[in-house]
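[1] sequence and computational prediction follow.
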Amino acid sequence: MTDRLFCYGTLQIPEVIKAVTGRTHVGVTARLFDYAIYRVKNAGYPGVIYSPDKETTGVLYSGVTEKELKILDLFEGDLYERICLDAIGHNGNNQRAWVYVVPETQKLL
């Protein structure tokens, strides 16, 4: 699939992703189209949901391992679903990346 991860919440912070994965990751600014960021109801953290014609800015990390993705799955929990989407990197190129989204079946936002 891909070794890229698009982050839009606390995982954008280098110290947070290092604390979760145990490794330093260098990210670049990126955009995700057709998804909008919202604060999760009754929580202090964000989630993205499919929203045509919307855009979310975040950080795109490369070199994320399968082991790290499994750790991140546990960190993100059951609210999110990890799916592969196209993110637009700082160079304007489409890049496939894993993204933690709130599934449309969840009505928590």
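    It's in.
[2] drop to CA atoms for contacts and neighbour counts, all remaining ones
    Noted.
[3] which SS class is the residue lying farthest from the centre of the chain?
    Residue farthest from the centre of the chain, counting by CA atoms, centre = their mean, is residue 42 at 20.2 Å. Following DSSP: H, G, I helix; E, B strand; the rest coil, the label given to residue 42 is coil.
[4] cool, residue 78 as well?
    coil.
[5] how many residues are close by it?
    Neighbourhood size, residue 78 [other CA atoms under 10 Å]: 9.
[6] also residue 66?
    11.
[7] just to revisit the earlier point, and the pLDDT for the residue farthest from the centre of the chain?
    Looking at residue 42, its pLDDT reads 75.
[8] what does the one 3 residues further on give?
    Reading off the per-residue confidence, residue 45 sits at a pLDDT of 83.
[9] can you tell me the closest non-neighbouring residue to it?
    In this structure, residue 45 finds its nearest non-sequential neighbour in residue 39, 5.8 Å apart by CA to CA, 6 or more residues apart in numbering.
[10] which parts of this structure are helices?
    For the chain, the helices defined by DSSP state H occupy 14-21, 66-76.
[11] could you check how far the longest one is from the centre of its chain?
    Between the centre of helix 66-76 and the centre of its host chain there is 12 Å, according to CA atoms, centre = their mean, to the nearest Å.
[12] do the same with the first one
    The chain centre lies 14 Å from the centre of helix 14-21; the measure is CA atoms, centre = their mean.
[13] which strands or helices does it pack on?
    If contacts are counted by 3 or more CA pairs under 8 Å, 6 or more residues apart in numbering; DSSP states H and E, helix 14-21 sits against helix 66-76.
[14] which residues of the protein score low on pLDDT?
    Applying pLDDT under 70 to the chain flags the ranges 105-109.
[15] and the residue nearest to residue 62 when sequence neighbours are not counted, its phi and psi?
    Nearest non-adjacent residue to residue 62, counting by CA to CA, 6+ apart: residue 4, 4.4 Å away. Dihedral angles of residue 4 (phi, psi; degrees, to the nearest 10) stand at phi -100, psi 150.
[16] pretty sure residue 4 sits against residue 66.
    No: judged on CA atoms under 8 Å, residue 4 makes no contact with residue 66 at a distance of 10.5 Å.
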